[in-house]
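Q: sequence first, then the predicted structure, then my questions.
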Amino acid sequence: MIHTYNDIPPLDKRVGKRVRAYIDTLTKPPGSLGRLEAIAIELAEMTGKPFPTVTPPGVIIFAADHGVTEEGVSAFPQNVTAQMVQNFLNGGAAINVFSRQIQAMFEIVDVGVAEDIESSELVQKKVRYGTANFCKQDAMTRQEAEKAIEIGYERAQTMIAKGIKCLIVGEMGIGNTTASSAILSVILNQNLDELVGIGTGISEEGRKVKQQVIERSIKARQPNPNDPLDVLSKVGGLEIAAMAGAMLAAAENRIPILVDGFICSTAAVIAKCIHPTAADYMFIGHRSVEKGHSRAIRFLEKEPLLQLGLRLGEGSGAAVAFPILQSSTNMLNEMATFQSAGISNKNEKRREGEF
Ligand SMILES: Cc1cc2ncn([C@H]3O[C@H](COP(=O)(O)O)[C@@H](O)[C@H]3O)c2cc1C
Ligand SMILES: O=C(O)c1cccnc1
């Protein structure tokens, strides 16, 4: 039995109300910091704290390979996954740059890369050497999917114990937009045409092939839409499972989750299916260009923080959005109130006059 079915506490709406009232005492016209005010309230409700903080953030990248790459669904070959893991270890990838920028705790986990990568810096948690080609057989067993969720859960728990106050999960896995589209199509019961995008940059012709591959796979595998573990094991990916597990751990610990793009949002959809309350702890960092992301966002009932035309993954868009959360908490923690600054507050007077 995996730990991830533990209770996730409900949002603390009472502290949210207190923070709402407090924000109106800060030296600015009421509501003038717009969404930053709403985010501050949400962070207070998530953490249960009237003065929440999101620093330091933690970034965990899960890497794994996908057997379905055999079908020519990506613009890049499978071995780019391992090469990019090496790049992460060397500090040269986009997510390294943005993680440094936000001073994040940082970790890379091999949950299923198709080759061995020797490095003491890499967290070695390989469940298997890539998934099977789900066009021909189940991607993995149910036990393997559970194990990958457990690994994600455990890695997040470990980082939370070290003191992170916001979790960003990222991924690397050539072929994983194919697995993500397949998962979403089953769970959201959506037409594949709405969910299959260009990933790393395939042609329109390639996109059609990708769609047909997914269509054939779903027909052959028959994943049960009401059973997220069945969906993961039949057409999913090890890094997607691990990301979902990490999100569940964060939600259990009242740690806000900053979700990245299409693949990360697919993991968020899985986490929500496993435990609906998990979604209460999520922000969506940005709206990815990848076709289908908007559908996932709609299922999560969220509004992304940014729209920058990104389509990378790795957790990059979430890391770029992180300073927005930081601005919200800094507003709450550092701004003067009308009273402390000795500024007359017409609003306050009017309200006093009313009562
Ligand atoms: C150099 C490189 C770096 C990346 N970093 C993230 N991805 C992204 O692209 C992959 C998904 O796209 P598809 O399904 O089309 O293969 C994932 O690894 C994702 O993280 C990358 C892809 C490449 C090529
Ligand atoms: O939005 C994403 O996460 C994404 C999009 C394309 C390729 N890789 C990742």
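A: That came in fine, so what should we check first? Only a predicted model underlies this, so the values are computations on that prediction, with no experimental measurement involved. Numbering: from 1, shown residues only. Ligands and ions are numbered 1, 2, ... in the order given.

Q: where along the protein do the strands fall?
A: 57-64, 105-112, 123-124, 166-172, 257-259, 282-284 (DSSP state E).

Q: can I get those in JSON lines including mean neighbour count?
A: Yep, even glycine has a C-beta here, placed from its N, CA and C like the rest. Output for those, formatted as JSON lines (neighbours: other CB atoms under 10 Å):
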{"stretch": "strand 57-64", "mean neighbour count": "29"}
{"stretch": "strand 105-112", "mean neighbour count": "24"}
{"stretch": "strand 123-124", "mean neighbour count": "15"}
{"stretch": "strand 166-172", "mean neighbour count": "30"}
{"stretch": "strand 257-259", "mean neighbour count": "30"}
{"stretch": "strand 282-284", "mean neighbour count": "25"}
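
Q: pipe those into TSV and attach mean pLDDT and distance to Ile202 per row.
A: Converted to TSV, the strands of the chain look like this (pLDDT from 0 to 100; distance: least, CB to CB, whole Å):
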stretch	mean pLDDT	distance to Ile202
strand 57-64	99	20
strand 105-112	98	23
strand 123-124	98	31
strand 166-172	99	18
strand 257-259	99	24
strand 282-284	99	25
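
Q: closest to ligand 1 out of those?
A: strand 166-172 (4.7 Å; CB to the nearest ligand atom).

Q: ok so, going back, so which of the strands of the chain is nearest Gln137?
A: In terms of CB to CB, the element of the strands of the chain nearest to Gln137 is strand 105-112, at 15.7 Å.

Q: and ligand 2, which of the strands of the chain is closest to it?
A: strand 166-172 (7.6 Å).

Q: could you dump the strands of the chain into JSON lines with distance to Lys49 added?
A: Output for the strands of the chain, formatted as JSON lines (distance: least, CB to CB, whole Å):
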{"stretch": "strand 57-64", "distance to Lys49": "16"}
{"stretch": "strand 105-112", "distance to Lys49": "20"}
{"stretch": "strand 123-124", "distance to Lys49": "30"}
{"stretch": "strand 166-172", "distance to Lys49": "13"}
{"stretch": "strand 257-259", "distance to Lys49": "16"}
{"stretch": "strand 282-284", "distance to Lys49": "16"}
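
Q: would JSON lines of those strands with distance to ligand 2 be doable?
A: As requested, those are exported to JSON lines (distance: least, CB to the nearest ligand atom, whole Å):
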{"stretch": "strand 57-64", "distance to ligand 2": "12"}
{"stretch": "strand 105-112", "distance to ligand 2": "17"}
{"stretch": "strand 123-124", "distance to ligand 2": "21"}
{"stretch": "strand 166-172", "distance to ligand 2": "8"}
{"stretch": "strand 257-259", "distance to ligand 2": "10"}
{"stretch": "strand 282-284", "distance to ligand 2": "11"}
